[in-house]
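Q: Kindly return the folded structure for what I paste below:
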Amino acid sequence: MPKSAFRNSGEKDEDRRGRKTREVEKGYLALVLHAHLPFIRHPEYEDCLEEQWFYEAVVETYIPLIQVLEGWVRDGVPFRLTLSLSPTLAAMFLDPLLQSRALRRIHRLIELSEREIERTRGQPEFRGVAEMYRERFGKALDLYLRYDKNLIQAFRAFQETGGLECITSAATHGFLPLLSVNKAAVRAQVRVGVEEYRKDFGRNPVGIWLPECGYFPGLDELLLEFEIRYFFIETHGLLLAEPRPRYGVYAAVYTPAGVAAFGRDPESSKAVWSSIEGYPGDFDYREFYRDIGYDLDYETMKPYLPAGGVRTHTGIKYYRITGKTDHKEPYVRAWAVERAATHAGNFLFNREKQIEHLSSIMDCSPLVVAPYDAELFGHWWFEGPEWIDFLVRKVAYDQRTFRLATPSDYLDLYPVNQVCSPAASSWGYKGYNEVWLNGNNDWIYPHLHHAANRMVGLAKRFPRARGLQRRALNQAARELLLVQASDWAFIMKTGTTVDYATQRTRSHLTRFLRLAEQIQEGRIESTWLSRLESQDCIFPEIDYRIYGSSS
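A: Prediction:
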């Protein structure tokens, strides 16, 4: 969108004869979706339970999001949306093995939905829902094949049209505040994230999503090294900045290094995130936890469950939330879509009033930053993509109080901003590091710090490695980055799939230490190394020397 589309509050549009026609919008709304999954790829198994997370995300979140984007482009809807894609998720989108398995998943869902249409023939309250799933899965298949199973290709195309602004994240979503005892470890996370983005999108990223919105003083200097223009920070990270920001979280600030920081608006976040007051808890929306993978008899579902027959979600669900008890009633799609439209209208109304108030007390146009995890939309909140669709269309056609904008748009409009030093913070529980550093996961950090120090030592000791030695050093760098993923500590804290998170942490550490020992002793096992390169094949162009340079 051209810079001229963003003007100061109080200016007016002009017709072709220069006559004033109407007041320009009073402020801006930045919708931000953070797309991330840990790198999960298990070629050693034909069917891996944890890989299902990726297939669910493809079918339930990212394909529906692309369908919404296609609809906006098709209908000429003016839109601005910011999407951060973590390098691990991008790598999974691009991986041929995972692509083929995702395609197999879609075909199985089509087959299952066709069986469900037949099974529910005498149940009209469920039959229409089964037919809806068959139609959705068929359209998902068409889209996936149309983009040759490469969803990065889709997002890149939308960015090139000008409506979508894609940004990067740290390499494996490492929680940077707790890695900061070794500056090289943080630099490597940022650098690989930037380099992978360049490879995928053919340009430099203008912004970065800090994993878990984790910020520590001095991180801005590292971001500046890689020409990052902006990042996002949790509300209190900006409100507790020194000096206190004049406009709170409703305008950009520059850090001492000159990188822009945007704070999260708590009001717009609460409307969507809150399990008590937020939209996704409405009783007419689809109930996430009632899935046929658990509801139907085992023998019926066994062919569609992962290897070993473990019951899990299939994505086919017949009930609405109904209420706060275990009693659930059939899902009525028309009611749910109507609620999504109503909630989009409510969100629009509240942002109008919020921005009207803010503009009356600010001498610049306010920006409301509303960031969310992308998988909330479609996966957890089934009607989330429809809500976004309704909202963006309503912003475009039903009001004139504000416009959608990306952080880059706002910085183009206001290139001069207050300079502040943001406070250490995250968007985790209690706002700091407790989620990723507690009695359930604190054991991992001495190992992470030791491995980072050892990687730096290896890179400096062997600055010009070639052949097998270089391959081993590059693989050691991959194993270190993979073990640093914030996801493993998060899972250990939440208690969901703790055994898997623990196994991944220990396996990557063990592989790293074994590689380090072999490199130092000059006895690299080539067969074992090849197996690691095939299994943990993320970041194929990585250069281990990122740990040996100071900048």
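Q: what's the neighbour count on residue 326?
A: 8 (other C-beta atoms under 10 Å). To be clear about C-beta, it is placed using only N, CA and C from the backbone, and glycine gets the same treatment.
Q: Is it correct that it falls within a helix?
A: No. Residue 326 is assigned coil when assessed by DSSP: H, G, I helix; E, B strand; the rest coil, not a helix.
Q: Against residue 281, how distant is it?
A: Going from residue 326 to residue 281 by C-beta to C-beta, to the nearest Å gives 16 Å.
Q: Show the contacting residues for residue 238.
A: Contact analysis of residue 238 by C-beta atoms under 8 Å, 6 or more residues apart in numbering lists 245, 248, 249, 253, 261, 263, 420, 422, 423.
Q: Strands - which of those land there?
A: Here DSSP state E is the test, and the contacts of residue 238 give 253, 261, 263 as lying in strands.
Q: need the strands for the stretch 1-150 of the chain, in chain order.
A: 12-14, 20-23, 27-35, 81-85 (DSSP state E, counting those that start in this stretch).
Q: mean confidence score for the shortest one?
A: Within the predicted structure, the mean pLDDT of strand 12-14 is 40.
Q: Widest-spaced pair of the contacts of residue 238?
A: By the measure C-beta to C-beta, 248 and 423 form the most distant pair in the contacts of residue 238, at 13.6 Å.
Q: which one of the two has more residues nearby?
A: Ranked by neighbour count (other C-beta under 10 Å), residue 248 and residue 423 place residue 423 first, with 19 against 16.
Q: And the residue found closest to that one once you drop the neighbours it is linked to in the chain, how close does it get to residue 464?
A: For residue 423, ignoring the flanking residues on the chain, the nearest one in space by C-beta to C-beta, 6 or more residues apart in numbering is residue 240 at 3.9 Å. Distance, residue 240 to residue 464, by C-beta to C-beta: 46 Å.
Q: Kindly report the same for residue 57.
A: Distance from residue 57 to residue 464, counting by C-beta to C-beta: 41 Å.
Q: which of the residues in stretch 359-368 are buried?
A: For stretch 359-368, a neighbour-count test (16 or more other C-beta atoms under 10 Å) marks 359, 362, 364, 365, 366, 367, 368 as buried.
Q: OK, contacts around the first one?
A: Contacts for residue 359 (C-beta under 8 Å, 6+ apart) come out as 9, 26, 27, 365, 366.
Q: what's the neighbour count on residue 228?
A: Neighbourhood size, residue 228 [other C-beta under 10 Å]: 24.
Q: can you check the one 5 residues further on too?
A: Residue 233 has 27 neighbours, counted by other C-beta under 10 Å.
Q: Measure how the longest helix seen in the chain sits relative to strand 27-35, angle-wise.
A: Across the chain, the longest stretch assigned as helix under DSSP state H is helix 333-361. Taking axes from the mean of the first three to the mean of the last three C-alpha atoms, to 10 degrees, one finds that helix 333-361 is oriented at 130 degrees with respect to strand 27-35.
Q: And the next helix or strand past helix 333-361?
A: Counting by DSSP states H and E, the element after helix 333-361 in chain order, helix or strand, is strand 367-373.
Q: buried set for that next one?
A: 367, 368, 369, 370, 371, 372.
Q: The nearest residue to residue 460 once chain neighbours are set aside: what's it in contact with?
A: If the residues on either side of it in the chain are set aside, residue 460 comes closest to residue 548, at 4.8 Å by C-beta to C-beta, 6+ apart. Going by C-beta under 8 Å, 6+ apart, residue 548 touches 456, 459, 460, 463.
Q: Likewise for residue 261?
A: Shown in contact with residue 261 (C-beta under 8 Å, 6+ apart): 220, 230-233, 237-238, 252-255, 420, 422.
Q: And residue 132, by the same measure?
A: Per C-beta under 8 Å, 6+ apart, neighbours of residue 132: residue 333.
Q: and it, what pLDDT?
A: We have a pLDDT of 98 for residue 132.
Q: which of the buried residues of stretch 359-368 sit farthest apart?
A: Greatest spatial distance among those (C-beta to C-beta): 364 and 368, at 13.3 Å.
Q: care to break the chain down by domain?
A: 27-68+77-274+367-430, 439-547 (automatic domain parsing).
Q: Indicate which one of those domains is closest to residue 342.
A: Evaluated over the domains of the chain, closeness to residue 342 peaks at domain 27-68+77-274+367-430, with 8.9 Å, by C-beta to C-beta.
Q: Quick one: work out the angle between the longest helix of the chain and strand 367-373.
A: Inter-element angle recorded for helix 333-361 and strand 367-373: 150 degrees (by the same axes, to 10 degrees).
Q: average model confidence for helix 333-361?
A: In this model, helix 333-361 has a mean pLDDT of 98.
Q: how distant is it from the center of its chain?
A: 23 Å (C-alpha atoms, centre = their mean, to the nearest Å).
Q: likewise stretch 393-402?
A: 26 Å.
Q: same deal with stretch 535-547?
A: Here stretch 535-547 shows a centroid-to-chain-centroid distance of 22 Å under the convention C-alpha atoms, centre = their mean.
Q: Please identify the buried residues of that stretch?
A: By neighbour count with 16+ other C-beta under 10 Å, stretch 535-547 contains the buried residues 536, 537, 538, 539, 542, 543, 544, 545, 546, 547.
Q: Now the phi/psi pair for the last one, please.
A: Geometry field for residue 547 lists phi and psi as phi -90, psi -10, criterion degrees, to the nearest 10.
Q: Please tell me how far residue 257 sits from residue 425.
A: Distance, residue 257 to residue 425, by C-beta to C-beta: 17 Å.
Q: actually residue 90, not the one I typed
A: Using C-beta to C-beta, residue 90 is found at 26 Å from residue 425.
Q: which one among the buried residues of strand 367-373 gets closest to residue 524?
A: Using C-beta to C-beta, residue 371 comes nearest to residue 524 of these, at 43.7 Å.
Q: Please tell me how far the closest one sits from residue 254.
A: From residue 371 over to residue 254 (counting by C-beta to C-beta), the distance is 19 Å.
Q: ditto for residue 381
A: Going from residue 381 to residue 254 by C-beta to C-beta gives 35 Å.
Q: ok, back up a step: what about residue 57 and residue 464, which has more around it?
A: Legend: neighbour count by other C-beta under 10 Å for residue 57 and residue 464, higher for residue 57 (22 against 7).
Q: Am I right that the more buried one is in contact with residue 377?
A: No. Contact criterion C-beta atoms under 8 Å: residue 57 and residue 377 do not qualify, at 10.8 Å.
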